[in-house]
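Novice: Sequence first, predicted coordinates after that:
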Amino acid sequence: MKCPFCGSLDTQVLDSRVSEEGDAIRRRRRCAACERRFTTYERVDLMMPAIVKRNGSRVDFDAAKLRASMALALRKRPVSATAVDAAAARIQDQLMASAKREISSDVVGELVMQELRALDQIAYIRYASVYRSFEDIREFMAAIDEFRHQEDGDA
Ligand SMILES: [Zn+2]
């Protein structure tokens with residue numbers, strides 16, 4: 001870390017502590033050249049990656065849109081709003097944690113499918129049939145089969 005007063009690169013950390021809110025690390029530093037002291041803060045960068053659509057265009061991540069697309073698939077299904085919120089939050093967390101600047105909409109779609117699959121198989125099939133458009137009928141049958149097997153397993 002460069003000294004803001006003299007520009008020297010020779011600075012030392014005197015003290016590090018987590019801020020009261022717990023969302024930053026505060027460091028007291030001392031410049032070895034001019035002996036002045038300064039403070040730096042280290043925070044998590046909460047930038048969401050941009051979403052790259054199949055046609056190559058980029059859009060900002062939209063949490064409301066994500067939540068709405070999941071809610072649509074879950075329409076009239078016995079899944080609580082709290083569970084949907086939690087699933088949407090997990091997707092958002094994973095995107096954030098990826099620390100990527102751009103993420104393809106396909107990756108987001110896969111994350112949504114994973115969550116829906118765990119929440120409700122019907123919603124999963126609804127979403128997947130629209131999202132993947134099931135160009136291949138075998139793919140659709142495989143999803144249905146998987147659903148049947150799970151039903152058998154529950155019985
Ligand atoms: Zn200095």
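Specialist: Nice, I can see it. Residues are numbered from 1 along each chain as shown.

Novice: going forward, measure contacts between C-alpha atoms and count neighbours the same way
Specialist: Noted.

Novice: And what about the residue nearest the centre of the chain, helix, strand or coil?
Specialist: The centroid of the chain falls nearest to L95 when counting by CA atoms, centre = their mean (2.4 Å). Reduced to three states with DSSP: H, G, I helix; E, B strand; the rest coil, the structure at L95 is helix.

Novice: check contacts around it.
Specialist: Listed by CA atoms under 8 Å, 6 or more residues apart in numbering, the contact set of L95 reads 48-49, 103, 108.

Novice: ok, so of those residues, who is nearest the ion?
Specialist: Nearest to the ion among the contacts of L95: M48, at 35.3 Å, using CA to the ion.

Novice: and the strand or helix carrying A71, what's its mean pLDDT?
Specialist: Using DSSP states H and E, the element containing A71 is helix 63-73. What helix 63-73 shows for mean pLDDT is 90.

Novice: do stretch 93-111 as well
Specialist: Stretch 93-111 comes out at a mean pLDDT of 88.

Novice: Stretch 34-43 too?
Specialist: Average pLDDT, stretch 34-43: 91.

Novice: Could I get the CA-only coordinates of it as CSV?
Specialist: Output in CSV follows, covering the C-alpha atoms of stretch 34-43 (Å, rounded to 0.1, in the frame of the first residue of the first chain):
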residue,chain,number,x,y,z
CYS,A,34,7.7,9.9,6.3
GLU,A,35,6.4,8.3,9.5
ARG,A,36,2.9,9.5,8.9
ARG,A,37,-0.1,7.3,9.7
PHE,A,38,-3.2,6.5,7.7
THR,A,39,-6.1,4.0,7.8
THR,A,40,-7.3,1.7,5.1
TYR,A,41,-10.5,-0.3,4.9
GLU,A,42,-11.0,-3.6,3.3
ARG,A,43,-14.6,-4.5,2.2
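
Novice: Now do the buried residues in that stretch.
Specialist: R37 (16 or more other CA atoms under 10 Å).

Novice: Could you tell me which of the contacts of L95 belong to helices?
Specialist: Counted as lying in helices by DSSP state H, out of those, are V108.

Novice: Filtering the contacts of L95 by proximity to the ion, which remain?
Specialist: Among the contacts of L95, not one lies near the ion by CA under 5 Å from the ion.
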